[in-house]
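> kindly return the folded structure for what I paste below:
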Amino acid sequence: MFTAQDSEDRCFADSLAEVQEHDEVNGKKVRALSLEIIKRRVDRGLYKRLDLLQRDVFLVLERARKLSRTDSQIWEDSVELSRRFIKARDQHTENGSRLKSKALEFTLEMFETSVQASKDGKAGSEVAEEENNDGMLESGTQAWSGMNNGMQYNVGDFVYVSAAEVGGDPQIYMVERLFEKNGTNNIWGGQFFRQRETFHVPTRTFFEKEVMRGDLHSSIPISSVLGKCYVMPVKDYQKFKPVGFEEKDIFVCEWRYTSKIRNWKKIKPTAFWEPPSHIKMAVREKPLEPKRVASVFKDRIEKHKEEIEELELLEKTVEEDIPGNLKWVKEGEDDGMVYWEQYTIPGPITLRRGDHVLVRGENNRNMIAQIDTMWTGQDNMAYFHGPWFVTPVEIPSQVGRTFFKAEAFLSSISDSNPLLSVVGKCSVLDMTDYCSLRPTMHVENDVYCCESLFDEGKRLIMPLNGSLKKYQLSAPVQKDEVYMFKRTITPEKETLPPPTPRTVSSPMLENEDSMDAPPSVGSVESASPAPMKKKFDRKKLVTAYILFSADVRKITMDENPGVKFGEISRIVAERWRQMTDADKQVYAERAKKVNEEKEKEEIRKEAERIRMEEERKRNQPPPVPSPGPVNAPPSPLARARHDSGLKSEPLFHSVPPRPQRLLHSEAYIKYIEGLNKDSKSMCNWDRQLNASQEIVRTPDESKLPVSWLAGNTGEHATSMEALWALRDFMLQEALGVVKIM
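Next up is the predicted model:
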């Protein structure tokens with residue numbers, strides 16, 4: 001859509017560059033969203049939902065229509081881009097059969113209705129008089145001949161204009177119209193930018209005298225015009241030059257630069273301007289050689305530093321609307337609890353009944369659980385209850401059993417935990433859904449398949465009765481977008497290495513016990529755990545809440561002597577909930593720093609371990625040879641064993657090292673044997689050069705390397721002749737030896 005063009009090869013998005021970049025909010029300028037920013041977000045893969053992409057695209061196009069007239073080019077282009085987006089959306093989603101999304105509810109007919117309503121609403125406030133094509137000339141103007149102080153100016157001329165900054169290079173404009181207003185002669189022109197006036201990457205190079213056609217137009221009084229110059233298309237610059245202009249006043253142009261969105265686009269050869277009739281072109285005596293120079297961008301970094309940071313922030317984040325909390329009426333429950341169907345926790349993370357979540361467990365290990373019920377108690381703390389899911393590496397070793405690469409088992413244990421222990425979301429699908437669809441909000445590493453149940457008491461994997469539980473949610477609940485595969489996939493099973501032992505326990509704050517079961521329930525012990533090297537797990541992260549809890553838990557215990565451990569945790573969690581976002585951000589920064597240092601330390605330890613292992617191998621002492629038999633009297637201990645009838649244990653000595661034999665290749669041995677002090681070469685060179693098919697006896701032809709010819713003898717009658725021709729060719733190609741007849 002960003003590069004969509006009309007029949008004249010004009011991009012529809014180009015006209016939107018004329019829309020102002022900033023909006024004024026509470027007296028401050030705020031950069032508005034643009035199609036360029038959306039494109040960069042798409043390139044980064046930030047949009048996980050189609051409805052969010054559609055929301056931002058329509059926001060940009062609606063803003064463009066709001067700030068322009070209904071008969072302007074901007075209005076028409078924004079309407080056309082909206083239509084193209086809807087048509088492309090319906091085509092790629094196959095009208096909902098490929099992607100299930102809320103965005104598809106907005107149809108093309110609904111858009112046309114809204115555009116017509118907006119057009120009718122603006123009609124009363126717009127001025128009825130027709131504007132000029134460029135919409136910039138004001139009333140009260142009249143044509144001007146272009147003569148000023150003996151110099152004639154014409155449409156199509158290029159002129160120097162006084163620089164806005166003192167001491168700067170004069171600006172370059174192309175004259176598009178001459179007019180007189182209030183007794184002052186003016187020109188209306190489009191600006192051409194020098195490289196110092198553009199925003200570009202430091203690696204970009206330019207022609208020595210290159211300028212870029214810009215998107216800005218201005219009315220310039222003739223008193224600000226300093227003289228004439230000329231800008232040539234790059235296709236003509238090297239071969240031709242305008243008559244009557246010095247070389248210092250001739251410039252070259254190759255690119256179109258949109259200053260408002262900092263967009264570069266190469267001008268097509270057919271889109272350049274033609275020389276006006278009053279300017280003649282002459283062939284250069286000697287064509288110019290293209291010479292490029294480096295960018296001067298580095299000199300302008302500080303000037304645009306704040307602007308760059310603002311753009312980078314917009315490019316890296318996609319604003320998501322936080323849905324409201326929705327209550328759920330649980331039938332048969334009147335316990336004073338408030339139950340929720342949808343609830344948002346700090347992060348923000350919006351949770352719903354049926355969601356699969358990553359829960360912070362012991363040693364910062366994330367575990368998979370499902371939300372069956374959510375509620376807030378009398379302490380205003382939010383909790384959830386639901387079953388656990390375990391992965392193959394978290395259960396006892398199943399000898400000979402194979403697993404899917406992303407398999408999870410429904411655990412027989414259900415548990416209740418605070419919602420603050422949730423650190424993220426994932427998805428667990430039954431096999432039918434896993435092979436045919438994917439929720440778009442989750443990366444593939446967070447999608448699991450499930451077809452079995454793990455009995456924590458019996459330590460056994462058993463078939464799952466039916467499918468996973470499905471949840472029917474009310475209409476206001478935010479739905480997932482689901483992508484349907486064109487063809488179902490068939491996952492393969494694989495044998496996993498022996499897993500490490502795992503203990504299933506509630507991930508209550510720190511090391512608290514579960515609210516429903518003691519810590520011993522679900523614990524798994526392995527009779528012979530396999531030793532494994534410790535590696536840094538990126539999921540074992542220190543969170544902001546953990547650091548906060550470590551700071552205030554001791555103080556809370558001192559303030560509340562005799563209070564149970566679980567109650568202390570609830571008090572700490574309540575304090576965390578009451579903190580401002582700014583205070584929480586301080587702990588978030590600390591957690592980020594701790595995790596970075598932890599990862600660096602793990603990498604350093606692993607490198608040190610590898611270095612020590614290699615050092616040990618290099619410095620391993622050689623085996624000591626046996627000193628041979630020694631005829632010495634038996635020791636008192638040996639005599640005692642002999643007298644008591646005990647059989648003495650034999651003594652073992654290490655085997656002497658075998659002497660190593662230096663082996664050489666057959667080619668090297670032949671080389672040594674062929675050396676002769678009376679000859680400069682190792683072979684009879686003259687005999688080799690004079691060899692031919694006629695004088696050399698041919699061995700068994702079946703043993704010749706005819707495979708070199710790949711079954712093709714070319715112009716030769718036999719394989720023998722082809723091999724001799726190949727030999728002569730190799731002598732000529734490798735050694736430069738040619739046989740002269």
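
> quick check: pLDDT value at the residue lying closest to L541 once chain neighbours are set aside.
Nearest in space to L541, with sequence neighbours left out and distances taken as Cβ to Cβ, 6 or more residues apart in numbering, is N595 at 5.1 Å. (Glycine included, C-beta is placed from N, CA and C.) In the predicted model, N595 carries a pLDDT score of 86.

> on the three-state scheme, N595 is what?
Using DSSP: H, G, I helix; E, B strand; the rest coil, the structure places N595 in helix.

> so it versus N364, what's the distance?
9 Å (Cβ to Cβ, to the nearest Å).

> now for these two: what residues contact both?
541-542 (Cβ atoms under 8 Å, 6 or more residues apart in numbering).

> ok, D120 - how many residues close by?
10 (other Cβ atoms under 10 Å).

> can I assume it sits in a helix?
Yes: remark: D120 belongs to a helix, assigned using three-state DSSP.

> which residues of this structure fall in helices?
35-44, 50-66, 73-92, 108-123, 234-237, 305-316, 431-434, 544-559, 565-578, 581-618, 636-644, 666-674, 685-690, 719-730 (DSSP state H).

> pretty sure the residue nearest to L541 is touching T543, no?
No: if you go by Cβ atoms under 8 Å, N595 and T543 don't touch, sitting 9.1 Å apart.

> list the buried residues in stretch 273-293.
Neighbour-count burial for stretch 273-293, counted by 16 or more other Cβ atoms under 10 Å, picks out 275, 279, 288.

> need those residues in JSON lines with pLDDT, can you?
What follows is these, written out as JSON lines (pLDDT from 0 to 100):
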{"residue": "P275", "pLDDT": "89"}
{"residue": "I279", "pLDDT": "91"}
{"residue": "L288", "pLDDT": "86"}
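
> low-confidence bits of the stretch 351-500 of the chain, can you list those?
In the predicted model, the stretch 351-500 of the chain carries pLDDT under 70 at residues 496-500.

> out of the helices of the chain, which gets nearest to D379?
Nearest of the helices of the chain to D379, taken as Cβ to Cβ: helix 565-578 at 5.7 Å.

> if we can go back for a sec, which of the buried residues of stretch 273-293 sits closest to S414?
Distance from S414 was checked for each of the buried residues of stretch 273-293 by Cβ to Cβ. The minimum falls on L288, at 79.7 Å.

> for N325, grab phi and psi.
Backbone torsions for N325, taken as degrees, to the nearest 10, come to phi -70, psi 140.

> leaving out sequence neighbours, find the closest residue to it.
Spatial nearest neighbour of N325, chain neighbours left out: Y343 (5.1 Å); criterion: Cβ to Cβ, 6+ apart.

> how about the one you found, what does it touch?
325-326, 350-352, 374, 382, 419.

> show me which pair in those residues is furthest apart.
Among those, L326 and L419 lie farthest apart (Cβ to Cβ), at 14.7 Å.

> quick one, which of those two is more surrounded?
Neighbour tally, L326 and L419, criterion other Cβ under 10 Å: the higher count belongs to L419, 23 against 16.

> could you measure from that one over to T113?
Noted for L419: a distance of 42 Å to T113, by Cβ to Cβ.

> now E599
Distance of E599 to T113, given as Cβ to Cβ: 55 Å.

> who has more neighbours, these two?
Between E599 and T113, counted using other Cβ under 10 Å, E599 has the larger neighbour count: 15 against 11.

> what does the model give that one for pLDDT?
The model reports E599 with a pLDDT of 86.

> again with P242
Per-residue pLDDT puts P242 at 93.

> mind listing what it touches?
Residues counted as contacts of P242 (Cβ under 8 Å, 6+ apart) are 230, 232, 250, 275, 279-282.

> how far away is the closest residue to I345 other than its chain neighbours from R63?
Spatial nearest neighbour of I345, chain neighbours left out: L419 (5.1 Å); criterion: Cβ to Cβ, 6+ apart. Separation of L419 from R63 (Cβ to Cβ) stands at 37 Å.

> also L53?
16 Å.

> now do D415
D415 sits 49 Å away from R63, going by Cβ to Cβ.

> so those two - more neighbours on which side?
Neighbour tally, D415 and R63, criterion other Cβ under 10 Å: the higher count belongs to D415, 24 against 18.

> pretty sure the more buried one is touching W388, no?
Yes: under the criterion of Cβ under 8 Å, D415 makes contact with W388 at 6.4 Å.

> joint contacts of these two?
Residues touching both D415 and W388 comprise A369, with contact defined as Cβ under 8 Å, 6+ apart.

> distance-wise, check the nearest residue to D14 once chain neighbours are set aside relative to I267.
Leaving aside its chain neighbours, D14 sits nearest to T258 (7.0 Å; criterion: Cβ to Cβ, 6+ apart). Here T258 is placed at a distance of 12 Å from I267 (Cβ to Cβ).

> tell me which of these two has more neighbours.
T258 (21 against 17).

> ok, the residue lying closest to H278 once chain neighbours are set aside - contacts?
With sequence-adjacent residues excluded and distances taken as Cβ to Cβ, 6+ apart, H278 is closest to N154, at 5.8 Å. Applying Cβ under 8 Å, 6+ apart to N154 gives the contacts 146, 175, 178, 276, 278.
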